[in-house]
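Undergrad: A structural model of the following input is requested.
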Amino acid sequence: MGETETRGIRFLRERGVAFRVVEYLYQQKGAGRAAEAVGWPEERVIKSLVARLPPKDFHFVLVPAHRELSLRKLARVFGAKTAEMAEPREAERLTGYATGGISPFGSYAALPVVLEQTLLEHDEVVINAGHRGVLVALDPWTLQELLDARVEDVIT
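TA: Just a heads-up that it's a prediction; the model follows:
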């Protein structure tokens, strides 16, 4: 596969970030499937989720592929009563990316980012680059700094 240029990849290049592009044949949505396709352990593959704290406070939440987001913990982080997943159409409208290819890099809306703390335990992680089947591998601390991500325990 030739390297796909995405808004996410341009975003990283423009900021001088060190990363590697990892591509695979996208067949079905899911970070676990992406991990299998690229041969990376699921704890180092990031799901890019869009969550909402009612009424309209949206956030990117980055969690490992093998774990689930705890909406209860996410709400608690922000002192909210509840949190919920954004509807797919809502996430696509906010980010400009199709579900299965959503990335916090180059998103239409500059949403605040919450990074699951266990992702910082690895020397390298992969995350969607803005197109189905296109990931980027980078240092998780670089990811945290680049996105000014809030580091929290948000998994079940």
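Undergrad: Poorly predicted segments of the chain, please.
TA: Within the chain, the stretches falling below the threshold (pLDDT under 70) are 1-3.
Undergrad: residue ranges of the helices in it, please?
TA: Residue ranges of the helices in the chain, as given by DSSP state H, are 7-14, 31-38, 71-77, 88-95, 140-147.
Undergrad: who are the neighbours in contact with the nearest residue to Lys81 once chain neighbours are set aside?
TA: Using C-beta to C-beta, 6 or more residues apart in numbering and skipping residues adjacent in sequence, the residue nearest Lys81 is Ala75, 6.5 Å away. The C-beta positions use only the backbone N, C-alpha and C, and glycine is treated the same way. Shown here is Ala75, whose contacts under the criterion C-beta atoms under 8 Å, 6 or more residues apart in numbering are Leu53, Lys81, Thr82, Ala83.
Undergrad: Would you reformat the residues you listed as a markdown table and include neighbour count and distance to Pro41?
TA: What follows is the contacts of Ala75, written out as a markdown table (neighbours: other C-beta atoms under 10 Å; distance: C-beta to C-beta, whole Å):
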| residue | neighbour count | distance to Pro41 |
| --- | --- | --- |
| Leu53 | 19 | 31 |
| Lys81 | 8 | 35 |
| Thr82 | 11 | 32 |
| Ala83 | 23 | 27 |
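Undergrad: Which one of these is nearest to Glu36?
TA: Ala83 (28.6 Å; C-beta to C-beta).
Undergrad: now the closest one: how far from Leu49?
TA: Look at Ala83 and Leu49: by C-beta to C-beta, to the nearest Å, they are 11 Å apart.
Undergrad: How much space separates Ala51 from Gly96?
TA: With C-beta to C-beta as the criterion, Ala51 and Gly96 are 18 Å apart.
Undergrad: Between these two, tell me which one has more neighbours.
TA: Neighbour tally, Ala51 and Gly96, criterion other C-beta atoms under 10 Å: the higher count belongs to Ala51, 22 against 14.
Undergrad: Skipping adjacent residues, who's closest to the residue positioned nearest the centre of the chain in space?
TA: Here the mean C-alpha position of the chain is nearest to the C-alpha of Ser48 (C-alpha atoms, centre = their mean), at a distance of 2.5 Å. In space, not counting the residues next to it along the chain, Ser48 is nearest to Ile102; the distance is 4.8 Å by C-beta to C-beta, 6+ apart.
Undergrad: Next: Arg150.
TA: Using C-beta to C-beta, 6+ apart and skipping residues adjacent in sequence, the residue nearest Arg150 is Val114, 5.1 Å away.
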